[in-house]
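[1] got a structure for you, letters missing:
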């Protein structure tokens, strides 16, 4: 049985990945309470003891505001931590998957969808960290997949972590009876996390390189929220629950959508954000229809 080591093991993505593949691979999911990724010696020690075939590096500080306010801490985790993992992979001949982000394109002004050939211009510390880490890892490892992900969504599950995402945040607002103020000038890919998880080990069989991962999307943030209400069967409450935010990003439309045609050609095709929303609501029976 092949071995996988996953960093950020207590996170939204890693907990779901571990659960899904626990009977197919021998998995060691580690978090900061087990190994400090900023400590190179400790990282190498854990790697030598476990001897993984693959290392999936999900550990990061991804909160934009925190990274901007604490750039040194963010850099230690997001850049130095990633390079420590890569060096340890080289030491034990493990292949590495680095989880990057659409946010490397936050500062681009021409608008998406962006391909892997477009030059990223990040304007936040988090985006800058991830882009720098991508480059450094490529210098260390040949057997490396850099995966830039769209925003993933899902719902809470017993024993698994949850993060802020379009579907769960909208659902929480509905439960609380709070009005959802959604921007009409924001466009980004949003991907059903279960679809990514179920196809994830196909990554191990494709050529090394940089890939954009997830759903393509033509809907703005408001239209996605509108779709969620409709699929849940409560579109009649739209005026009560949903409000257009026409001021946010008015002067500089936010469009960080990714073109995922390259990964589709490699055998990992994803449905659109619209279909992903419908599938998730159906899977978890969230509709009152």
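    Happy to help now that I have it. Values in this document were obtained by computation on a predicted structure and should not be read as measured data.
[2] going forward, measure contacts between C-alpha atoms and count neighbours the same way
    Noted.
[3] Nearest residue to residue 223 in space, please, no chain neighbours.
    In space, and not counting its chain neighbours, residue 223 is closest to residue 184: 7.6 Å by CA to CA, 6 or more residues apart in numbering.
[4] Give me the distance between the residue nearest the centre of the chain and residue 131.
    Residue closest to the average C-alpha location in the chain (CA atoms, centre = their mean): residue 149, at 4.5 Å. Residue 149 sits at a distance of 13 Å from residue 131 (criterion: CA to CA, to the nearest Å).
[5] overlap in contacts of those two?
    residue 100 (CA atoms under 8 Å, 6 or more residues apart in numbering).
[6] pLDDT weak spots in the stretch 51-200 of the chain?
    Within the stretch 51-200 of the chain, no stretch has pLDDT under 70.
[7] Do a quick rundown of the helices in it.
    Along the stretch 51-200 of the chain, the segments classed as helices by DSSP state H, counting those that start in this stretch run 64-69, 71-75, 81-92, 125-140, 166-176, 193-199.
[8] So for residue 46, which of those sits nearest?
    Proximity to residue 46, assessed across the helices of the stretch 51-200 of the chain by CA to CA, is greatest for helix 81-92 (8.9 Å).
[9] relative to helix 125-140, how tilted is that closest one?
    20 degrees (axes from the mean of the first three to the mean of the last three CA atoms, to 10 degrees).
[10] Give the buried residues for helix 81-92.
    For helix 81-92, the neighbour count (16 or more other CA atoms under 10 Å) marks 81, 82, 83, 84, 85, 86, 87, 88, 89, 90, 92 as buried.
[11] picking that back up, check contacts around the residue nearest to residue 223.
    Taking CA under 8 Å, 6+ apart as the definition, contacts of residue 184 comprise 220, 221, 222, 223, 244, 245, 246.
[12] What distance do you get for the fourth one to residue 245?
    To tie it back to what came earlier, the one meant is residue 223. 11 Å.
[13] Same check on the first one?
    In this view, residue 220 and residue 245 are 11 Å apart by CA to CA.
[14] shared neighbours, the two?
    Shared contacts of residue 220 and residue 245 (CA under 8 Å, 6+ apart): 183, 184.
[15] check contacts around the residue lying closest to residue 255 once chain neighbours are set aside.
    Nearest residue to residue 255, sequence neighbours excluded (CA to CA, 6+ apart): residue 187, at 4.6 Å. Residue 187 is in contact with 217, 218, 219, 220, 221, 254, 255, 256, 257, counting by CA under 8 Å, 6+ apart.
[16] Inside strands: which ones of these?
    Within the contacts of residue 187, residues falling in strands by DSSP state E are 254, 255.
[17] Please produce TSV containing the contacts of residue 187, extended by pLDDT and neighbour count.
    Supplementary listing: the contacts of residue 187 in TSV, determined by pLDDT from 0 to 100; neighbours: other CA atoms under 10 Å:
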residue	pLDDT	neighbour count
217	97	21
218	97	15
219	98	20
220	98	19
221	97	22
254	95	24
255	97	23
256	97	24
257	98	29
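[18] Can you show me the strands along the stretch 151-289 of the chain?
    Listed in chain order, the strands of the stretch 151-289 of the chain (DSSP state E, counting those that start in this stretch) span 151-153, 180-183, 186-187, 190-192, 209-213, 242-245, 254-255.
[19] Quick one, which of these gets closest to residue 167.
    Of the strands of the stretch 151-289 of the chain, nearest to residue 167 by CA to CA is strand 151-153, at 6.1 Å.
[20] Strand partners (parallel or antiparallel) of the closest one?
    strand 190-192 (parallel) (DSSP bridges).
[21] what's the offset of the partner strand from the middle of its chain?
    9 Å (CA atoms, centre = their mean, to the nearest Å).
[22] Likewise for stretch 279-289?
    22 Å.
[23] Report how far apart the opening and closing residues of it are.
    First residue to last in stretch 279-289 (CA to CA) measures 15 Å.
[24] just stretch 20-30 next, same as before
    16 Å.
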